[in-house]
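Student: next come a sequence and a model predicted from it.
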Amino acid sequence: MKKIFIFLVLAIQLIAGMIKTPLVTLDNNNSIVTINADAIDVGMSGFIVQQVAQKHTTILKSAVVLSFDKKSKIATLKLSDYMECINRALPVGSWSVKVGDMAILGFGYRRALLIAPNEEIYYRISKNVKIQWVHPDIFASILSLNGHPTPLKEDFDDMIENSAIGIIFIYLEQKLYTIDAKSFVILHISDAPLEQKSVMLPFYSRVQDIEANWWGEGSNKLENYESYYYKLLEKYNPKNKNLKLKDNK
């Protein structure tokens, strides 16, 4: 147990904390920017903010780290429309991203959701990792509201918006996958050799039954825990060799 705890603590520590740094360059399409950083994880997400008045800033774009050059300490970020906190009743500014605006990455990395196959594994991990856990009951309730017994990426997106989590942990075959909640990119994989005696589908929660839609993607009940989550991770991590090895088993 002590060994597992050490592995998980290291996994948390290896994830960079919140990074706040100005934009260095901006391409002509306003879609790719660069920043300077001593260390950063590819797949890390956040947003770009601009100061519009003294002590007031506004969020302009969402951002995800595409690459990081360790020698030059330069990270490349891809920008996209910021879709959270949209309120059509409020006025929209005409600000555009410019060099010198601030990139804020890793915001919310101290709040996490853990997807585990059973109660024992859930509690053994959650009780030994110092992070603010959002209980999977909330996610199960969102699935029931959406009519998805099989969780889709869009359901995870709803969870992010409703609970402001930054990290998702998924336990698969004695390994713990640390994932950026927005990009769904794997940030780290750590060993967690726990005995798995049972599986609760689609994951451990205290919600007895998840409502299902009559038809459509996600409306069928999940049949295989490991297979489904591996495929979901592979969809957003196509170059990850660890997932390719699982497909070949």
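Tutor: Ah, there it is. Keep in mind that what you see is a predicted model, and the values were worked out from it rather than measured.
Student: and D157, how far is that from S198?
Tutor: 29 Å (Cβ to Cβ, to the nearest Å). Backbone N, C-alpha and C define where each C-beta goes, glycine included.
Student: the more surrounded of those two?
Tutor: D157 (16 against 10; other Cβ atoms under 10 Å).
Student: can you give me the helices for the chain?
Tutor: 2-14, 119-126, 136-146, 153-163, 225-236, 241-247 (DSSP state H).
Student: who's in contact with Y171?
Tutor: Counting by Cβ atoms under 8 Å, 6 or more residues apart in numbering, Y171 touches L114, I115, A116, P117, I121, I125, Y177, A192, L194.
Student: then E226?
Tutor: Contacts here follow Cβ under 8 Å, 6+ apart; on that basis E226 touches L172, E173.
Student: which strand in the protein runs the most residues?
Tutor: Secondary structure of the chain per DSSP state E: the longest strand is strand 56-69.
Student: pairing partners for that strand, with directions?
Tutor: strand 45-53 (antiparallel), strand 74-81 (antiparallel) (DSSP bridges).
Student: figure out which of those is closest to H148.
Tutor: With Cβ to Cβ, the closest approach to H148 among the strands paired with strand 56-69 belongs to strand 45-53: 22.8 Å.
Student: what comes up buried for that closest one?
Tutor: Of all the residues in strand 45-53, those buried under the rule 16 or more other Cβ atoms under 10 Å are S45, G46, F47, I48, V49, Q50.
Student: cool, and stretch 163-173?
Tutor: Those would be S163, I165, G166, I167, I168, F169, I170, Y171, L172, for stretch 163-173 by 16+ other Cβ under 10 Å.
Student: I'd assumed Y109 was in contact with G17.
Tutor: Yes: here G17 reaches Y109: they are 6.9 Å apart, a contact under Cβ atoms under 8 Å.
Student: out of the two, which sits in the busier spot?
Tutor: More crowded of G17 and Y109, by other Cβ under 10 Å: Y109, with 24 against 10.
Student: list the contacts of the nearest residue to that one once chain neighbours are set aside.
Tutor: Leaving aside its sequence neighbours, Y109 sits nearest to G166 (Cβ to Cβ, 6 or more residues apart in numbering; 4.2 Å). G166 makes contact with G106, F107, G108, Y109, R110, R111, A112, D180, A181, K182, according to Cβ under 8 Å, 6+ apart.
Student: which of those residues are buried?
Tutor: Using 16+ other Cβ under 10 Å, the buried members of these are G106, F107, G108, Y109, R111, A112, D180, A181, K182.
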